[in-house]
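Asker: predicted model, plus sequence, below.
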Protein chains: 2
Amino acid sequence: MTRLIDVAKLAKVSTATVSRVINNNGYVSAKVRERVMKAIEELGYQPAKAARFLAKSGQNFDIGVVADDWVLKSITTVIDEFYSIVYKGIIDFSKNHRMNIHLLDVNSWDENADGFLLIGGGITKELVREVKKTKKPLVLVDQYLPGLKVDYVVSDGYDGAVFAVDKLISKGMKRIVHIHGPLSHFGFRDRYDGYMATMEMHGFMPKSYEFDEINDNMSTIVDMMLRSYGKPDAIFGSNDTAAIRAMEELKSRGFRIPEDISVIGFDDIMSASLVSPKLTTLKIFKYDLGSIAARRLFNLLMGEEKHPVKISLFTQYIERESTI
Amino acid sequence: MTRLIDVAKLAKVSTATVSRVINNNGYVSAKVRERVMKAIEELGYQPAKAARFLAKSGQNFDIGVVADDWVLKSITTVIDEFYSIVYKGIIDFSKNHRMNIHLLDVNSWDENADGFLLIGGGITKELVREVKKTKKPLVLVDQYLPGLKVDYVVSDGYDGAVFAVDKLISKGMKRIVHIHGPLSHFGFRDRYDGYMATMEMHGFMPKSYEFDEINDNMSTIVDMMLRSYGKPDAIFGSNDTAAIRAMEELKSRGFRIPEDISVIGFDDIMSASLVSPKLTTLKIFKYDLGSIAARRLFNLLMGEEKHPVKISLFTQYIERESTI
């Protein structure tokens, strides 16, 4: 089925512009209108349902959900479950709160929306500064950019890391290695900081390696670690992908998980419960990320709260088979 | 004037218990009742106004504001402006939201309250676990204890530190020294992490010293720094007290602030704008800390939100005379 966003993409306009053409409200230049109508025809788009929904929009808020291509694809095709669940949280809250959601690409977002949810790692400081210029409320979701002072809804990597490392220490482990993604991403930095603080607090030596997911250097990391640091009691990965790859490399070298080495991940992706042994991890509440962000935006639209805040959702420790 | 809390202290009971005796509602043992009445008589306490206020409480929420002695004194005597302003934010929100506030000591809090605001550094993990057992909603204010997963309202030290250090770097400075309080306090740790991340991100060498506010080792720190590290371009203190003391020691050694060395603090305490040169700092929104915490508790009481979150308020950079 053709969707509003397909029309928007073909016509090279935002979904909000397509909405305005369909509902014949708000200014759209003759040239753009023609392009949209042509795209609707070409794709055989049936605006009936969307039009009914949007017909009420004189009373409703138009919300632009802005993300990069990869996140938009995740939302619409469920290749990656993460953002499709976040999006479900947004949609469910919006339904009951007079908010019409329009999916917009970071490169063609529409400043006419009443408010914005900017989602994921593709959101840059430059984009946020541009969107801020509209003076419309905005909330960043699953992305934090220090020093900007806008509203954020993120998951708390620090707290989860402290909990995981404390858990390992409570079982008598001391030699806990952290394998993390690039620390220029705040999400990884936050978990790294939690790991470092907890190790220091207990007087244990921290040891960390950077995992390059794209070039997959896990085999090198594990060799290096075994050679120069020795066998760890446990490995804490800054995401499930790193933890699962570490587990594979350790197993291939004859180590038993968790008897020889415990492994903990972060995120709770689908494969975490499919690998063997099943991965102990910290679960991110994806649906709540979306619904809490939508609620925050709604409150901002209603003028209820003025002070920008970062709302961090706690994660949940899911104990499976990769830890003793 | 004698206050409810004075009666409670003398009778060694919670303020809520005193309220119950005064209003003659809820169970209080004969023995405790006698002790309270005796304290009321001894102190000449006039319960008329409090009684009028509490008379409506059948319809209202009783909120326990729990803190240690030092914070309670700050609230009631305004020795330290910080918590009296936080408290004003709580009171103002509560007035319009059917919440009656009772000041309670950490050692004699009353589990009969409908909800709790736990304020400041005197709140321990043990206390939070005890209060959690009541199954009543609770919010920690200006205190974060990793791994507990309860609701928090705090100020964002990380973001403020990143902003301050970035600001210094944007003026061409590289040799930026951080003087911080004990890192076992999350408030200081958070600012430290922000400083470290920003220095690393720019490829500059971080250098930090721990300031012991009680034994005041600032003179030693400054000597040590000048001897082993050399003159810094700037000093970023993890609170105004550290920054002001560093400024004094540097001035006494002939350095000009800000011409030779820039200094930035954190908190915006009253003396920050009274010292010479006036201190550039990061302002914490004390009133908003209180009102946002009260709002969060109200939402929890109304059953509106279930997922525990940490709400971090951004600080504001206040440029005065101690930075070039």
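Answerer: Sure thing, it's come through.
Asker: tell me the pLDDT at A:Asp6?
Answerer: Per-residue pLDDT puts A:Asp6 at 80.
Asker: ditto for A:Val65
Answerer: In this prediction, A:Val65 carries a pLDDT score of 96.
Asker: how deep is it tucked in, by neighbour count?
Answerer: 28 (other CB atoms under 10 Å in any protein chain shown). Every C-beta, even on glycine, is put in place using the N, C-alpha and C of the backbone.
Asker: that one belongs to a strand, doesn't it?
Answerer: Yes: the assignment for A:Val65 (DSSP: H, G, I helix; E, B strand; the rest coil) places it in a strand.
Asker: first-to-last residue distance for stretch A:213-224?
Answerer: Using CA to CA, to the nearest Å, the end-to-end distance of stretch A:213-224 comes out at 17 Å.
Asker: in that stretch, what's buried?
Answerer: Buried residues in stretch A:213-224, counting neighbours by 16 or more other CB atoms under 10 Å in any protein chain shown, are found at A:218, A:221-222.
Asker: list just the nearest of these to B:Asp68.
Answerer: A:Ile221 (46.0 Å; CB to CB).
Asker: related to what we said a few turns ago, among the buried residues of stretch A:213-224, which lie within helices?
Answerer: Those of these mapping onto helices are A:218, A:221-222, per DSSP state H.
Asker: that older thread, dump the buried residues of stretch A:213-224 into a markdown table; add pLDDT and distance to chain B as well.
Answerer: Formatted as a markdown table, the buried residues of stretch A:213-224 follow (pLDDT from 0 to 100; distance: CB to the nearest CB, whole Å):
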| residue | pLDDT | distance to chain B |
| --- | --- | --- |
| A:Met218 | 97 | 23 |
| A:Ile221 | 97 | 20 |
| A:Val222 | 98 | 25 |
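Asker: what about the helices in the stretch 101-250 of chain A?
Answerer: Secondary structure of the stretch 101-250 of chain A (DSSP state H, counting those that start in this stretch): helices located at A:125-132, A:157-170, A:186-202, A:218-224, A:240-252.
Asker: distance check, the residue in the stretch 1-150 of chain A that chain B sits nearest to against B:Tyr45.
Answerer: Closest contact between the stretch 1-150 of chain A and chain B, by CB to the nearest CB, is at A:Pro146 (3.9 Å). Distance of A:Pro146 to B:Tyr45, computed by CB to CB, to the nearest Å: 50 Å.
Asker: returning to what we had before: which residue, neighbours along the chain excluded, lies closest to the residue of the stretch 1-150 of chain A closest to chain B?
Answerer: B:Val162 (3.9 Å; CB to CB, 6 or more residues apart in numbering or on different chains).
Asker: ditto for A:Leu289
Answerer: Among residues not flanking A:Leu289 along the chain, A:Val86 sits closest, at 5.1 Å (CB to CB, 6+ apart).
Asker: neighbours of the one you found, just the number please.
Answerer: If you count neighbours by other CB under 10 Å, A:Val86 ends up with 31.
Asker: any idea how far the helix or strand containing it is from the middle of the chain?
Answerer: A:Val86 is part of helix A:81-95, with elements assigned from DSSP states H and E. Counting by CA atoms, centre = their mean, to the nearest Å, helix A:81-95 is centred 12 Å from the centre of its parent chain.
Asker: cool, stretch A:260-273 as well?
Answerer: 18 Å.
Asker: if we can go back for a sec, ok, the residue nearest to A:Pro146 - contacts?
Answerer: Applying CB atoms under 8 Å, 6 or more residues apart in numbering or on different chains to B:Val162 gives the contacts A:146-147, B:194, B:197-198.
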